[in-house]
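Engineer: sharing a model prediction with you, sequence too.
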Amino acid sequence: MKRKLTWIPSIFFVIVVLIIWDVLVKINDVPSWLLPSPSEIFKAMLDNARILTSHTITTLIEVILGFVIALFVGLFLSSAITLSSTIEKSFYPFIIASQTIPIIVIAPMLLVWVGYGLMPKIIVVALISFFPIVVNTVDGMKSIDIDLEKLFRTMGASNWDIFRKIRIPNSLPYMFSGLRVAISISVIGAVIGEWVGSSEGLGYLMIRSKPQFQTELVFAAIFILSIMGIILFFGIGLVEKLCIPWNNFRKGDNLGK
């Protein structure tokens, strides 16, 4: 009950901001093509519900598929980097370098390499999402208790035993932190992919609506993307609670202190 009550100030703040926004736009007689009011945005969402739903489903599919690929690739690379210092020295620089290349530069090339469709957007999402998964998971696997590792070795544990029984459980809270970051930025990756070349999706709808001065549709798409990111973020948090409930008790203890 206390946790539910803590959301009241946030909800109240959002409502106040929307009301102030709506009032200021109407008082100053700002044209909707320049800055639509929240009421105009919500009206556009209702009037274009079918179109928005179709484009939302497309973007959500791209986000989920790209995120799943990033998850599997990220966990594989994290495990390989942790188990082998040679792999770490060989691949880690390339993993870091991959994040210095603007994704907006890679996206057009993907259209040439893999064709026009869902695949380029899925790859963009995977490329932009896997980095926080790899970095956080590797940090978790390496930040184990040295004394616990020594105890396992004195009991005859192999490197694989230590990896399976110590490193993996220890990395889970770190991994889920990386997953929360990755799922948030994956929405950005899907939109960037749709901006470069697409015929559907919320990013495509935004690009198509701007030249037609349908600004309320652009804001409607932004609103839906924001809600999508929030839901996916808290969805990862729910999975974390189910997979590692002991970490929630530790968080609760820290919050209590």
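Structural biologist: Done, it's in.

Engineer: counting neighbours, what do you get for residue 29?
Structural biologist: Residue 29: 6 surrounding residues under other CB atoms under 10 Å. Just so you know, the C-beta spots here come from the backbone N, C-alpha and C atoms, and that holds for glycine as well.

Engineer: now do the SS call for it.
Structural biologist: Assigned with DSSP: H, G, I helix; E, B strand; the rest coil, residue 29 falls in the coil class.

Engineer: how about the contacts made by it?
Structural biologist: For residue 29, no contacting residues are found, by CB atoms under 8 Å, 6 or more residues apart in numbering.

Engineer: phi, psi of it?
Structural biologist: In terms of degrees, to the nearest 10, the main-chain angles of residue 29 are phi 50, psi 50.

Engineer: distance of it relative to residue 90?
Structural biologist: Separation of residue 29 from residue 90 (CB to CB, to the nearest Å): 62 Å.

Engineer: again, but for residue 33
Structural biologist: Residue 33 is 53 Å from residue 90, by CB to CB.

Engineer: my guess is residue 162 meets residue 149, correct?
Structural biologist: Yes. With contacts counted by CB atoms under 8 Å, residue 162 reaches residue 149, the gap being 6.0 Å.

Engineer: what's the longest helix belonging to the chain packed up against?
Structural biologist: Among the elements of the chain assigned as helix by DSSP state H, the one spanning the most residues is helix 49-83. Contact analysis of helix 49-83 by 3 or more CB pairs under 8 Å, 6 or more residues apart in numbering; DSSP states H and E lists helix 85-98, helix 118-142, helix 168-196, helix 202-209, helix 215-243 as its packing neighbours.

Engineer: next, the angle helix 49-83 makes with the third one.
Structural biologist: It stands for helix 168-196. Angle, helix 168-196 to helix 49-83, by axes from the mean of the first three to the mean of the last three CA atoms, to 10 degrees: 140 degrees.

Engineer: for the last one, same thing?
Structural biologist: Computed with the same axes, to 10 degrees, the direction of helix 215-243 lies at 40 degrees from that of helix 49-83.

Engineer: packing partners of helix 215-243?
Structural biologist: helix 38-47, helix 49-83, helix 168-196, helix 202-209, helix 245-256.

Engineer: try 6 Å
Structural biologist: Packing contacts for helix 215-243, counted by 3 or more CB pairs under 6 Å, 6 or more residues apart in numbering; DSSP states H and E, involve helix 38-47, helix 168-196, helix 202-209.

Engineer: of all these, which lies closest to residue 246?
Structural biologist: Closest approach to residue 246 among the helices and strands packed on helix 215-243 (CB to CB): helix 168-196, 9.3 Å.

Engineer: which helices and strands sit right next to the closest one?
Structural biologist: The contact analysis (3+ CB pairs under 6 Å, 6+ apart) places helix 168-196 against helix 49-83, helix 103-114, helix 118-142, helix 202-209, helix 215-243.

Engineer: rank these by pLDDT, which is bottom?
Structural biologist: Confidence, taken as mean pLDDT, is least for helix 103-114 of these (a mean of 79).

Engineer: which residues are contacting that one?
Structural biologist: The contact list for helix 103-114 (CB atoms under 6 Å, 6 or more residues apart in numbering) reads 120, 123, 124, 128, 192, 193, 196, 197.

Engineer: 10 Å - rerun?
Structural biologist: With contacts defined as CB atoms under 10 Å, 6 or more residues apart in numbering, helix 103-114 is touched by 98, 116-117, 119-125, 127-128, 185, 188-189, 192-198.
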